[in-house]
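In: The sequence and its predicted three-dimensional model are supplied below.
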Amino acid sequence: MGTALGQTLIVMPAYNESQSVGRVVSETRAILPDITVLVVDDGSTDGTADAARAAGALVATLPFNLGVGGAMRVGFRYAAQHGYRAVVQIDADGQHDPATVTGLLDRLEDYDIVIGARFAGEGAYVMSGPRRWASKVLAWTISRTAGTKLTDTTSGFRASGPRAIELFEREYPAEYLGDTIESLVLACRAGLTATQVPTAMRDRSGGAPSHSPLRAAVYLARATLALLFAYARPKAVAPRTIEATA
Ligand SMILES: Nc1nc2c(ncn2[C@@H]2O[C@H](COP(=O)(O)OP(=O)(O)O)[C@@H](O)[C@H]2O)c(=O)[nH]1
Ligand SMILES: [Mg+2]
């Protein structure tokens, strides 16, 4: 048994996802009874907040666009203040299957962070070109830091347990790509543990991806830089709960 659904907060970063967010919230709530869904509407201009609310989500509306990392920080802060034991990040475009959330929660028994990894054998999701190579380099480097094999460090489908919530509500990287790569490095260097479970990736159910082909082309350079910055930063102070158990 993993963390109870009643103690789990789903955090859905959303930027102009009015075409899909309602459906994704409804599906998530139908599959996971008792779950609370917090949509962080990041300065959308298309009615994302109303669609999310109509489907039964709590909505935090940011006055202007902060990016996924800034939105996730809001989610972690909310979770910490309201005593949630787990945060699961799910994209608002329908690519992450809520049916696999319980599989992530089960692994939180033994790890602080559980990544829903896209190319660990499930589904047919393929990356191509520089994005694929960047992912391989990053996965290899971060696996060394984490002390375990992680193959998909840029996945936005993740579960975080109590120690990770405590760290991330204080410090969560908000710069481009930091929300996935740098947050993992930050956590592992602070002594938290991470693992992955294979998950299938579905197609977007509407709207447009935020990564254009051009953005994907500069991915390698920026991701490598992001990683260098992550290692250049001083180590984060371990959360209190770690000290208590040490
Ligand atoms: N809060 C916030 N969410 C964003 C932003 N850009 C994208 N997202 C959300 O992040 C999730 C993943 O974005 P997406 O464009 O699908 O990225 P991809 O799946 O990696 O191609 C979706 O739920 C988006 O709505 C942003 O600037 N702010
Ligand atoms: Mg997507």
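Out: Cool, the structure landed. Numbering: from 1, shown residues only. Ligands and ions are numbered 1, 2, ... in the order given.
In: can you list the residues of the protein near ligand 1?
Out: For the chain, the residues in contact with ligand 1 (C-beta under 6 Å from any ligand atom) are 13-15, 17, 40, 42, 65, 67-68, 71, 91-93, 95, 156, 209-211. C-beta coordinates here come from the backbone N, C-alpha and C atoms, glycine included.
In: Go through the chain and flag its longest helix.
Out: For the chain, the longest helix by residue count, based on DSSP state H, is helix 129-146.
In: which helices and strands sit right next to that one?
Out: Packing partners of helix 129-146 (3 or more C-beta pairs under 8 Å, 6 or more residues apart in numbering; DSSP states H and E): helix 183-189, helix 213-217, helix 219-232.
In: Mean pLDDT lowest where, among these?
Out: Looking at the helices and strands packed on helix 129-146, the lowest mean pLDDT belongs to helix 213-217 (a mean of 60).
In: Find me the pLDDT at residue 49, would you?
Out: 98.
In: Check the gap between it and residue 100 for me.
Out: According to C-beta to C-beta, to the nearest Å, residue 49 and residue 100 sit 26 Å apart.
In: ok, back up a step: quick one: buried residues of the longest helix of the chain?
Out: 131, 134, 135, 138, 139, 141, 142, 143, 145, 146 (16 or more other C-beta atoms under 10 Å).
In: Now render the residues you listed as TSV, adding distance to residue 118 and pLDDT.
Out: Formatted as TSV, the buried residues of helix 129-146 follow (distance: C-beta to C-beta, whole Å; pLDDT from 0 to 100):
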residue	distance to residue 118	pLDDT
131	12	67
134	14	71
135	9	73
138	13	77
139	11	83
141	18	83
142	15	85
143	15	90
145	20	85
146	17	87
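In: Make CSV from those residues and add distance to ligand 2 to it.
Out: Below are the buried residues of helix 129-146 laid out as CSV (distance: C-beta to the ion, whole Å):
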residue, distance to ligand 2
131, 13
134, 17
135, 15
138, 18
139, 19
141, 24
142, 21
143, 24
145, 26
146, 24
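In: quick revisit: out of the residues of the chain next to ligand 1, which touch ligand 2?
Out: Among the residues of the chain next to ligand 1, the ones lying near ligand 2 by C-beta under 5 Å from the ion are 91, 93, 95.
In: Tell me the secondary structure at the last one.
Out: When you say that, I think you mean residue 95. Classification of residue 95 using DSSP: H, G, I helix; E, B strand; the rest coil returns coil.
In: My guess is it contacts residue 201. True?
Out: Yes: counting by C-beta atoms under 8 Å, residue 95 touches residue 201, with 5.6 Å between them.
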